[in-house]
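In: Below are the sequence and a predicted model; questions follow.
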Amino acid sequence: MSTIAQVIVQTLAAAGARRCYGIPGDTLNHVTDAIRDSDIRWVHMRHEEAGGFAAGADALVTGELALCAGSCGPGSLHFINGLFESHRNRAPVVLIASQIVRDELGFDFPQEVDFQQIYRACSVFCEEIRTPAQARRKTAMAAQAALAKKGVAVLIVPADIASAKAPDEPPFAVHLAEPVIRPTDIDLDRIAARLNEGKKIAIYGGSGCEGAHDQLVALASALQAPVAHTSRAKDFLEYDNDFNVGMTGIFGGESGYHALMTCDTLLLLGCDFAWRQYYPDKATIIQVDIDGTHLGRRHPVDIGVVGDVAATLDALMPRIAPRSDRAFLDECLAHRVRTLEVEAKHATIGKGGAIHPQYLTELISRHAPDDSIYTADGGSPMVWCLRHVAATGKNRTVISLSHGTMANAMPQALGAKAAFPDRTVISLSGDGGIAMMLGDLLTAVQEQLPIKVAIFNNSALDFVEIEQKVEGLLEAYTDLVNPDFARVAEAMGFWGRRVEQAEHLEDAVKAWLAAPGPALLDVVTDRFELVMPPKVEAGQVAGMALYSAKAVLNGRGRDVVGMVRNLLS
């Protein structure tokens with residue numbers, strides 16, 4: 001007779017789960033034993049937080065269910081940040097959170113944690129299996145919620161439930177519906193009328209444009225409209241797109257910002273970009289989103305409709321009157337050329353052999369296979385990835401945007417590599433980020449996951465330092481005393497190399513990418529490199545001026561000189 005743990009594992013495997021990330025422990029023993037006898041791969045992590053990141057990246061790049069599992073109390077609690085990231089990335093993940101036995105619940109028993117209170121904020125489903133008769137049904141509902149709602153589902157399993165014998169149950173299973181959703185004909189007519197009336201039309205695409213590249217480019221061609229995109233949509237809209245003017249927002253470029261700020265009609269497609277200051281105040285705004293709760297929540301819109309982007313554009317195109325006037329489009333594309341010229345200035349060898357982080361990123365993008373998967377730590381590595389890794393239509397980027405966490409890149413690379421063992425997976429890690437999750441480099445060795453880790457080593461929490469300076473403050477507590485990460489990695493079983501001069505970097509990048517196993521490249525980058533937004537506000541200028549004055553008065557004049565040198569170069 002099967003145990004409940006076996007029923008849970010069988011149900012999740014039938015729902016498409018292929019990998020489970022976690023650390024074994026006492027209350028989880030029957031679950032791990034069931035996984036051992038299944039076709040699901042157990043990926044043994046060194047920290048549960050890394051397991052949450054890894055499972056989320058796996059689910060995000062495959063679109064399939066990924067699992068993580070932890071023991072009671074602190075074991076399952078450790079997943080929280082990795083799963084918050086996965087949930088906000090809309091990755092279908094199920095956490096099997098094992099729990100103490102039911103008889104001890106509610107009595108402050110050692111390691112007792114109320115997982116429902118904790119995980120409800122970062123899940124689409126969070127329920128405890130209370131009786132053996134519920135097991136198959138609740139497991140199926142957890143997996144179905146994760147896949148249908150695209151988020152984290154938490155299945156709480158008391159140890160005595162996991163070890164119990166399975167009763168006869170109805171054959172509950174997971175059903176993944178894929179409906180075609182588009183606006184009504186009346187709404188499509190309203191949208192077409194506004195677009196046909198517009199003189200300067202811009203399109204702003206978000207991650208909801210996945211799978212709609214060709215439809216969107218066809219619409220842009222008919223409207224002669226520039227296409228800006230969010231960071232999440234880079235992989236889906238940037239490649240093979242003659243209408244692309246790049247990203248806008250804090251991490252974007254001037255050309256994307258210009259297109260949105262100067263248009264008279266803006267079409268938002270699958271886009272839930274949060275910062276209101278990057279939306280136009282006087283344009284007609286039309287929004288299409290699969291989630292009706294997203295309509296108008298960032299900025300007021302004139303027309304808001306629910307629909308899948310590809311299906312909506314297929315139905316909309318016959319209603320669009322093609323135009324030939326390219327004046328606004330050509331103006332925006334000229335801004336794009338200038339933006340790329342500005343961004344390229346520092347993607348070169350710096351003065352005195354200094355290594356600009358943009359140069360490191362550009363070299364990696366140039367020499368990596370065109371179907372590589374990139375992960376990047378929150379902070380400046382994420383910005384350089386978004387700006388300097390060219391989208392090919394085959395590669396993918398996995399970054400922390402909505403959650404904005406540190407230390408996500410390397411463990412996300414582990415999950416992506418487990419899912420796609422034949423593709424190159426590259427982690428663009430900050431020195432602060434890699435130090436937080438350093439132990440899970442051992443996972444790459446133990447689980448034979450040959451990821452490529454590049455460390456942007458500027459001995460500082462770079463993004464935090466920039467934020468402090470913009471506010472007119474002297475940098476405080478941002479210094480990092482780092483080891484030689486290459487030697488640390490070698491001690492763990494990695495190929496490792498440290499690079500301090502730009503003239504040695506290209507050969508090192510080639511050797512790092514060609515290394516047969518896990519490889520780490522520790523690159524000493526210019527500490528004074530600034531992440532410039534598309535539009536510099538007066539308050540930011542004032543803040544930097546105040547910082548400069550304080551720095552000089554406090555004997556930090558060399559820092560100001562370095563910052564100015566980079567701005568002027």
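Out: Received, thanks.
In: going forward, measure contacts between C-alpha atoms and count neighbours the same way
Out: Noted.
In: Skip ahead from whichever helix in the chain runs longest and say which helix or strand is next.
Out: The longest helix of the chain (DSSP state H) is helix 327-344. Sequence order places helix 357-367 as the next helix or strand after helix 327-344, per DSSP states H and E.
In: And the longest helix of the chain, what does it pack against?
Out: Other elements packing on helix 327-344 under the criterion 3 or more Cα pairs under 8 Å, 6 or more residues apart in numbering; DSSP states H and E are strand 244-247, helix 254-262.
In: which of these sits most buried?
Out: Mean neighbours per residue, mean count of other Cα atoms under 10 Å, is largest over the helices and strands packed on helix 327-344 for strand 244-247, with a mean of 27.
In: Off-centre distance for that strand?
Out: 19 Å (Cα atoms, centre = their mean, to the nearest Å).
In: Give the partner strands of it in its sheet and their orientations.
Out: Strand 244-247 sits in its sheet next to strand 227-229 (parallel), going by DSSP bridges.
In: I'd like the next helix or strand past the strand it pairs with.
Out: Using DSSP H and E, the helix or strand that follows strand 227-229 towards the C-terminus is helix 234-237.
In: what sits up against that following helix?
Out: Here helix 234-237 makes contact (Cα atoms under 8 Å, 6 or more residues apart in numbering) with 205, 207, 209-213, 229, 244, 247, 386, 391-393, 395-397.
In: quick one: which of those residues sit in helices?
Out: If you go by DSSP H, the contacts of helix 234-237 have 213, 386 in helices.
In: List only buried entries from the contacts of helix 234-237.
Out: Burial by neighbour count, judged by 16 or more other Cα atoms under 10 Å, picks out 205, 207, 209-210, 212-213, 229, 244, 247, 386, 391-393, 395-397 from those.
In: between those residues, which is nearest Leu269?
Out: Gly205 (4.8 Å; Cα to Cα).
In: ok, the spatially most central residue of the chain - contacts?
Out: The C-alpha lying nearest the average C-alpha coordinate of the chain belongs to Ile399 (Cα atoms, centre = their mean; 2.7 Å). Residues in contact with Ile399 (Cα under 8 Å, 6+ apart) are 375-378, 382, 408-409.
In: So what's the predicted local confidence for the residue nearest to Met317 when sequence neighbours are not counted?
Out: Closest residue to Met317 apart from its sequence neighbours, by Cα to Cα, 6 or more residues apart in numbering: Leu219 at 6.7 Å. Per-residue pLDDT puts Leu219 at 98.
In: what's the answer for Ala347, then?
Out: Note for Ala347: predicted pLDDT of 83.
In: Likewise for Ser380?
Out: 89.
In: just to revisit the earlier point, using TSV, lay out the helices and strands packed on helix 327-344 together with distance to Asp160.
Out: Converted to TSV, the helices and strands packed on helix 327-344 look like this (distance: least, Cα to Cα, whole Å):
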stretch	distance to Asp160
strand 244-247	52
helix 254-262	56
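In: any idea how far Arg88 is from the residue nearest to the centre of the chain?
Out: 11 Å (Cα to Cα, to the nearest Å).
In: next one: Asp431
Out: From Asp431 over to Arg88 (counting by Cα to Cα), the distance is 24 Å.
In: Which of the two has more residues huddled nearby?
Out: Asp431 (28 against 19; other Cα atoms under 10 Å).
In: Can you name the residues that contact Glu169?
Out: Contacts of Glu169 by Cα under 8 Å, 6+ apart are 133, 136.
In: And the pLDDT at it?
Out: At Glu169, pLDDT is 85.
In: so it sits in a strand?
Out: No. Read with DSSP: H, G, I helix; E, B strand; the rest coil, Glu169 is coil and lies in no strand.
In: ok, Phe485 touching Asp522?
Out: Yes. Using Cα atoms under 8 Å, Phe485 makes contact with Asp522 at a distance of 5.9 Å.
In: Now for the two: what residues contact both?
Out: Joint contacts of Phe485 and Asp522 (Cα under 8 Å, 6+ apart) are 496, 498.
In: Minimum pLDDT in the buried ones among the contacts of helix 234-237, which residue is that?
Out: Per-residue pLDDT puts Met247 lowest of the buried ones among the contacts of helix 234-237, at 91.
In: how much space between it and Leu340?
Out: Distance of Met247 to Leu340, computed by Cα to Cα: 12 Å.
In: returning to that earlier point: can I get the contacts of Ile399 in TSV including distance to Leu316?
Out: Converted to TSV, the contacts of Ile399 look like this (distance: Cα to Cα, whole Å):
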residue	distance to Leu316
Thr375	35
Ala376	36
Asp377	38
Gly378	37
Met382	35
Asn408	39
Ala409	39
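In: Show me what the helix or strand harbouring Leu195 is packed up against.
Out: Counting by DSSP H and E, the element that carries Leu195 is helix 185-197. Contact partners of helix 185-197 among helices and strands, from 3+ Cα pairs under 8 Å, 6+ apart: helix 309-316.
In: other SSEs contacting the helix it packs on?
Out: helix 185-197, helix 213-223.
In: Just say which of the ones you listed is most tucked in.
Out: Across the helices and strands packed on helix 309-316, averaging neighbours per residue (mean count of other Cα under 10 Å) puts helix 213-223 on top, at a mean of 20.
In: List the contacts of the one helix or strand Gln144 maps to.
Out: Assigning secondary structure by DSSP H and E places Gln144 in helix 135-149. Under the contact criterion Cα under 8 Å, 6+ apart, helix 135-149 has outside partners 4, 7-8, 11-12, 15, 64-65, 91-94, 124-127, 129, 151-155, 169, 171-177.
In: For PyMOL, write the select line for the buried members of those residues.
Out: Of these, the buried ones can be selected in PyMOL as follows, counting by 16+ other Cα under 10 Å:
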select buried, resi 4+7+8+11+12+15+64+65+91+92+93+94+124+125+126+127+129+151+152+153+154+155+173+174
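In: Just the ones of the contacts of helix 135-149 in helices?
Out: 4, 7-8, 11-12.
In: Can you give me the pLDDT of Ala344?
Out: Confidence score, pLDDT, at Ala344: 86.
In: Let me know how buried it is, in neighbour terms.
Out: Ala344 has 15 neighbouring residues, counting by other Cα under 10 Å.
In: With Asp168 instead?
Out: The number of residues packed near Asp168 is 9, by other Cα under 10 Å.
In: ok, now the one 10 residues further on?
Out: Applying the criterion other Cα under 10 Å, we find 7 residues in the vicinity of Glu178.
In: same question, the one 5 residues further on
Out: A count of neighbours around Pro183, defined by other Cα under 10 Å, yields 21.
In: Next one: it from Thr424, what distance?
Out: In this view, Pro183 and Thr424 are 40 Å apart by Cα to Cα.
In: thought Lys417 was touching Gln448?
Out: No. With contact defined as Cα under 8 Å, Lys417 does not reach Gln448; the gap is 9.6 Å.
In: Compare these two and say which is more crowded by neighbours.
Out: For Lys417 and Gln448, the more surrounded residue by other Cα under 10 Å is Lys417, and the numbers stand at 25 against 15.
In: Work out for me the element the more buried one sits within.
Out: Element membership of Lys417, judged by DSSP H and E, is helix 409-419.
In: Next: Ala202.
Out: strand 201-205.
In: Show me what that strand packs onto, helices and strands only.
Out: strand 227-229, helix 254-262, strand 265-269.
In: Show me the contact partners of the first one.
Out: Spelled out, it's strand 227-229. With contact meaning Cα under 8 Å, 6+ apart, strand 227-229 is reached by 202-206, 220, 237-238, 243-248, 256, 259-260.
In: Fine, thanks again, bye for now.
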